[in-house]
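**Student:** My questions are about this predicted structure, shown below with the sequence.
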Amino acid sequence: MPAGTMELRQISYFISVVELGSMGKAALSLGVTASTLSQQISRLEGELSTVLLQRSSTGVVPTEAGLEFLRRAKTVMHHVEMACTATQSERLSGKVSIGMAPTIALRLALPLLRAMQQRYPKIRVQIVEGMSGHLTTLFEARKLDFLISFDIGDNPRLGVFPLLREGLFVMGRRDLPGMPDESGFGIEHLEALPLVMPTGRHTLVTLIMNAFRLKNVRPNIVLEVDGLNTLMGAVQEGMGAAIHPSSAMALIRSGGVACLPIVDPSLFRTSILIGQPDEELTPAALATRLTLKSVARTLIEEGRWEGARLELPSPARSDQ
């Protein structure tokens with residue numbers, strides 16, 4: 001086969017199909033149609049004059065030739081990635097600002113900063129933590145390049161990328177009256193539990209209150225605290241329990257506080273990465289966006305973000 005006929009895109013597509021075991025899942029992950037993906041794989045097989053995948057009603061698996069090609073393909077893509085990173089790290093520079101809620105920052109901020117220092121040492125990343133309303137105001141004033149939001153908003157010009165979904169946990173001292181003593185409970189079992197909650201300005205509060213309302217249960221809110229450090233301090237002191245993503249437990253400095261998942265498929269928080277339109281982003285900002293999504297994926301896949309799972313992009317939107 002002539003050296004120049006195979007495209008890197010085809011190799012990348014093939015790796016995704018094998019890793020996900022499905023044309024449909026790979027197409028969704030890559031942001032292309034299933035027919036486009038199938039055509040590219042067929043073209044690759046034609047160029048190699050061999051069958052790489054066995055297709056069935058349950059998915060696809062690599063043939064013996066496909067496994068050998070996969071091994072070599074991963075080596076090629078690794079070398080390409082290293083070359084791109086080396087080239088970009090030499091020329092990419094500037095400041096990129098990202099707004100995120102404290103609970104997201106507890107899991108994501110330091111790993112992101114570490115990754116950016118390693119990959120793009122000349123890019124200066126600014127992390128801005130705050131309440132969603134304040135961060136949205138900064139973003140709309142173009143003082144932030146990106147915002148990790150829990151609400152998409154209604155501006156069609158923005159770059160919107162589903163990032164992850166977090167289940168919610170109840171956190172409280174084990175001796176707190178009404179605190180569950182084991183997993184497997186729903187939010188309706190927390191009616192008597194004294195709760196420390198943020199005020200109603202938070203998206204999280206709306207999610208929790210709606211979940212209680214659907215179960216016809218009135219929550220027992222004893223304190224309202226908007227600062228996460230103070231809120232979790234109250235939990236540690238036994239003043240009440242909190243309902244939060246698991247990351248909030250990073251602020252608990254002593255033992256005795258349990259963190260138990262709430263079993264309710266409707267009770268979750270979706271994080272969305274929102275950016276200015278691509279044509280207005282600098283190369284440094286684009287590199288930061290790719291790194292942020294890569295870091296979030298790694299944290300989840302390695303089990304370092306309890307209760308979180310990746311959100312796949314909509315078929316109608318390309319997740320670049």
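**Tutor:** Looks like it arrived, so ask away.

**Student:** mean confidence for the strand or helix carrying P111?
**Tutor:** Following DSSP states H and E, one finds P111 within helix 102-119. Averaging pLDDT along helix 102-119 yields 95.

**Student:** Can I get it in PDB, CA atoms only?
**Tutor:** Taking C-alpha atoms only, helix 102-119 is exported to PDB below (Å, rounded to 0.1, in the frame of the first residue of the first chain):
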ATOM      1  CA  PRO A 102     -16.100  24.900  44.500                       C
ATOM      2  CA  THR A 103     -17.300  21.300  44.400                       C
ATOM      3  CA  ILE A 104     -16.100  20.900  40.900                       C
ATOM      4  CA  ALA A 105     -12.800  22.600  41.700                       C
ATOM      5  CA  LEU A 106     -12.100  20.200  44.600                       C
ATOM      6  CA  ARG A 107     -11.900  17.400  42.100                       C
ATOM      7  CA  LEU A 108     -10.700  19.000  38.900                       C
ATOM      8  CA  ALA A 109      -8.700  22.200  39.500                       C
ATOM      9  CA  LEU A 110      -5.400  20.800  40.700                       C
ATOM     10  CA  PRO A 111      -5.200  17.800  38.300                       C
ATOM     11  CA  LEU A 112      -6.000  20.300  35.500                       C
ATOM     12  CA  LEU A 113      -3.300  22.700  36.600                       C
ATOM     13  CA  ARG A 114      -0.800  19.900  36.900                       C
ATOM     14  CA  ALA A 115      -1.600  18.600  33.400                       C
ATOM     15  CA  MET A 116      -1.300  22.000  31.900                       C
ATOM     16  CA  GLN A 117       2.100  22.600  33.400                       C
ATOM     17  CA  GLN A 118       3.300  19.400  32.000                       C
ATOM     18  CA  ARG A 119       1.800  19.800  28.500                       C
END
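
**Student:** and stretch 201-217, how far out from the chain's middle?
**Tutor:** The chain centroid and the centroid of stretch 201-217 are separated by 23 Å, computed with Cα atoms, centre = their mean, to the nearest Å.

**Student:** Could you tell me which residues within that stretch count as buried?
**Tutor:** Buried residues in stretch 201-217, defined by neighbour count with 16 or more other Cβ atoms under 10 Å: H202, T203, L204, V205, L207, I208, A211, F212, V217. The C-beta positions use only the backbone N, C-alpha and C, and glycine is treated the same way.

**Student:** Which elements pack onto the helix holding P111?
**Tutor:** strand 94-100, strand 123-129, helix 283-301 (3 or more Cβ pairs under 8 Å, 6 or more residues apart in numbering; DSSP states H and E).

**Student:** List the strands paired with the next helix-or-strand element following the last one, with their directions.
**Tutor:** Secondary structure here is assigned by DSSP H and E; on that basis, the next helix or strand after helix 283-301 toward the C-terminus is strand 308-310. The strands that strand 308-310 pairs with in its sheet are strand 159-167 (antiparallel) (by DSSP bridges).

**Student:** now the strand it pairs with, how far from the chain's geometric center?
**Tutor:** Its chain's average C-alpha position is 5 Å from that of strand 159-167, according to Cα atoms, centre = their mean.

**Student:** before we move on, what about stretch 223-233?
**Tutor:** With Cα atoms, centre = their mean, you get 25 Å for stretch 223-233.

**Student:** Show me what that stretch is in contact with.
**Tutor:** Residues outside stretch 223-233 that contact it (Cβ atoms under 8 Å, 6 or more residues apart in numbering) are 102-103, 131, 171, 195-199, 201-202, 234, 239-240, 242, 248, 251-252.

**Student:** returning to what we had before: in a markdown table, list the buried residues of stretch 201-217 along with distance to M116 and pLDDT.
**Tutor:** Listed next are the buried residues of stretch 201-217 as a markdown table, based on distance: Cβ to Cβ, whole Å; pLDDT from 0 to 100:
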| residue | distance to M116 | pLDDT |
| --- | --- | --- |
| H202 | 28 | 80 |
| T203 | 27 | 83 |
| L204 | 28 | 89 |
| V205 | 32 | 91 |
| L207 | 31 | 91 |
| I208 | 33 | 94 |
| A211 | 36 | 93 |
| F212 | 40 | 95 |
| V217 | 44 | 95 |
